[in-house]
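> Please work out how this folds:
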Amino acid sequence: MNGNFVLLLDIYGELLSKTQREALDLKYNSDLSLSEIAEEMGGISRQSVNEAQRNGEKKLLELERVLGNAKKLVLEKKLAAEAAGI
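Just a heads-up that it's a prediction; the model follows:
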């Protein structure tokens, strides 16, 4: 699941709030704990980090459900690999 969120964050990250984007980036790309993320984000509470991550993940999944860009990208890569004989 984490790999999916990394891809979704790359595709839709700019559509999230700054706080959501930063909290998810630090979680998935830097592999930081809630406490470490809270500290990195200026000392906000772990609860605020958790809420930003949860709301950001919900928004990423909803964007993918509606737009389907990640699914299309994965399918294109699979087809290209098959065409190349990989």
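
> For the protein, just list every one of the helices.
Remark: helices assigned in the chain by DSSP state H are 2-12, 18-28, 34-40, 46-67, 69-83.

> And the contacts of the shortest one?
This means helix 34-40. Contacts to helix 34-40, defined as CB atoms under 8 Å, 6 or more residues apart in numbering, come from residues A23, L26, K27, L32, I44, S45, R46, S48, V49, N50. Where you see a C-beta, it was placed from the backbone N, CA and C, and this is true even at glycine.

> Verify the stated contact: D25 with L9.
Yes - D25 is in contact with L9 according to CB atoms under 8 Å; the separation is 6.6 Å.

> Could you find the closest non-adjacent residue to E57?
Residue nearest to E57 in three dimensions, not counting chain neighbours: F5, with 6.4 Å by CB to CB, 6 or more residues apart in numbering.

> can you check R21 too?
G13 (5.1 Å).

> Tell me which residues are up against stretch 69-78.
By CB under 8 Å, 6+ apart, stretch 69-78 touches N4, L7, L8, I11, Y12, E64.

> likewise stretch 20-28?
Under CB under 8 Å, 6+ apart, the answer for stretch 20-28 is 2, 5-6, 9, 13-14, 16, 32, 36-37, 40-41, 49, 52-53, 55-57, 59-60.

> Could you pick out the buried ones from those?
Buried residues within the contacts of stretch 20-28, counting neighbours by 16 or more other CB atoms under 10 Å: 5-6, 9, 13, 16, 32, 37, 41, 49, 52-53, 55-57, 59-60.
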